[in-house]
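Chemist: only geometry, no sequence info:
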């Protein structure tokens, strides 16, 4: 029998118990990216892959359960900087299954579904056979295409992790904090368009119409020039970008491709150097880990809203 989605299961539990923060009843079975995942108890030893997974657990106060990290995208921000820096690093890139198993985890939490591959951390059925559960951030599903991302979906992942780790009160508090921060972000009303430039030089890899970039651009009141592409990200062309002539360009700041490098490329490229946004330096900067679905999206949106408010659009 196919398990109920965890959000529905929790809702039913809340109705029957009279409150929304009931203790988790184990074994807990849920459908995660089309894979049936069963947890006999709350995970105590977790390997996190990608910064989004690590920072989510740190935000929930679960740093003491992380026994190893891999494929981190940069230093964690405050207030998690010191705690994150002290975590054991299994690999700067994607750790192998052998390396993961040496940490003796009972759960591997991956920020990308592709982390769970035979030449990566291990396929989820293989890990499960060894008593190790594998959980994928739902927004990163690829085997089952996720719906267009919303902040409610991000909050649902927090809620789901609260159930997985039996820390529902901490999850509820984090969701409430994020909802309050999101509520005070006022969308820009100038009818501006935007490009979300993630990576790439000859071919730009940009935010499309169904993932975290679109979610944040909508909250900012910006029209994504690639919104009609039903995907999280897409390989575009500089010609298409120039034709759209976005008012604002969001630059993803990554250690391997910084915002400053992107500014130089855009200015020196004879095609993009003519864009109004490039000429007038109308840029918004977002750290790479905050550009993917996770606990940093709300804060990054608030920060970009402040940046946007400071931009001038007078001739």
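Modeler: Nice, thanks for sending it over. Computed from a prediction, not measured in an experiment: that's the story for all the values here. Numbers count the residues shown, from 1 in each chain.
Chemist: what about the strands in the protein?
Modeler: 28-32, 35-39, 46-49, 66-70, 89-91, 107-110, 133-136, 193-199, 205-207, 223-224, 233-235, 248-253, 283-287 (DSSP state E).
Chemist: among those, which is the most enclosed?
Modeler: strand 46-49 (a mean of 30; mean count of other CB atoms under 10 Å). For every residue, glycine as well, the C-beta is placed using N, CA and C.
Chemist: Quick one: mean pLDDT for that strand?
Modeler: Mean per-residue pLDDT for strand 46-49: 98.
Chemist: just stretch 161-181 next, same as before
Modeler: Averaged across stretch 161-181, the pLDDT comes to 98.
Chemist: one step back: would you list the strands of the chain in CSV and tack on distance to residue 83?
Modeler: What follows is these, written out as CSV (distance: least, CB to CB, whole Å):
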stretch, distance to residue 83
strand 28-32, 26
strand 35-39, 24
strand 46-49, 12
strand 66-70, 9
strand 89-91, 14
strand 107-110, 16
strand 133-136, 21
strand 193-199, 28
strand 205-207, 30
strand 223-224, 34
strand 233-235, 30
strand 248-253, 22
strand 283-287, 18
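Chemist: end to end, how far does stretch 31-46 reach?
Modeler: Stretch 31-46 has an end-to-end distance of 19 Å (CA to CA, to the nearest Å).
Chemist: on that earlier part again, just so I know, which of the strands of the chain lies nearest residue 305?
Modeler: Smallest distance to residue 305 across the strands of the chain (CB to CB): 9.1 Å, for strand 283-287.
Chemist: Quick check: beta-bridge partners of residue 135?
Modeler: residue 109 (DSSP bridges).
Chemist: which residues does it contact?
Modeler: Residues in contact with residue 135 (CB atoms under 8 Å, 6 or more residues apart in numbering) are 32, 37, 107-110, 164.
Chemist: From residue 164, how far out is the closest residue in space to residue 27 that isn't next to it in sequence?
Modeler: The shortest distance from residue 27 to any non-neighbouring residue, by CB to CB, 6 or more residues apart in numbering, is to residue 40 (4.9 Å). In this view, residue 40 and residue 164 are 12 Å apart by CB to CB, to the nearest Å.
Chemist: Looking at the two, which is more packed in?
Modeler: When residue 40 and residue 164 are compared for neighbours, residue 164 comes out ahead with 25 against 11, by other CB atoms under 10 Å.
Chemist: How many residues are close by residue 312?
Modeler: Residues lying near residue 312 (other CB under 10 Å) number 8.
Chemist: can I get the contacts of residue 135 in CSV with distance to residue 124?
Modeler: Shown next, in CSV, are the contacts of residue 135 (distance: CB to CB, whole Å):
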residue, distance to residue 124
32, 9
37, 8
107, 11
108, 9
109, 12
110, 9
164, 15
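Chemist: so which of these comes closest to residue 122?
Modeler: Among the contacts of residue 135, and counting by CB to CB, the member closest to residue 122 is residue 108, at 7.7 Å.
Chemist: which among the contacts of residue 135 gets closest to residue 278?
Modeler: Once CB to CB is applied, the member of the contacts of residue 135 that ends up nearest residue 278 is residue 110, at 36.1 Å.
Chemist: isn't that closest one right next to residue 52, touching?
Modeler: No. Contact between residue 110 and residue 52 fails when scored by CB atoms under 8 Å: they sit 9.4 Å apart.
Chemist: who touches both of the two?
Modeler: Contact with both residue 110 and residue 52 is made by residues residue 137, according to CB under 8 Å, 6+ apart.
Chemist: Share the number of residues neighbouring residue 303, please.
Modeler: Neighbour tally, residue 303, other CB under 10 Å: 17.
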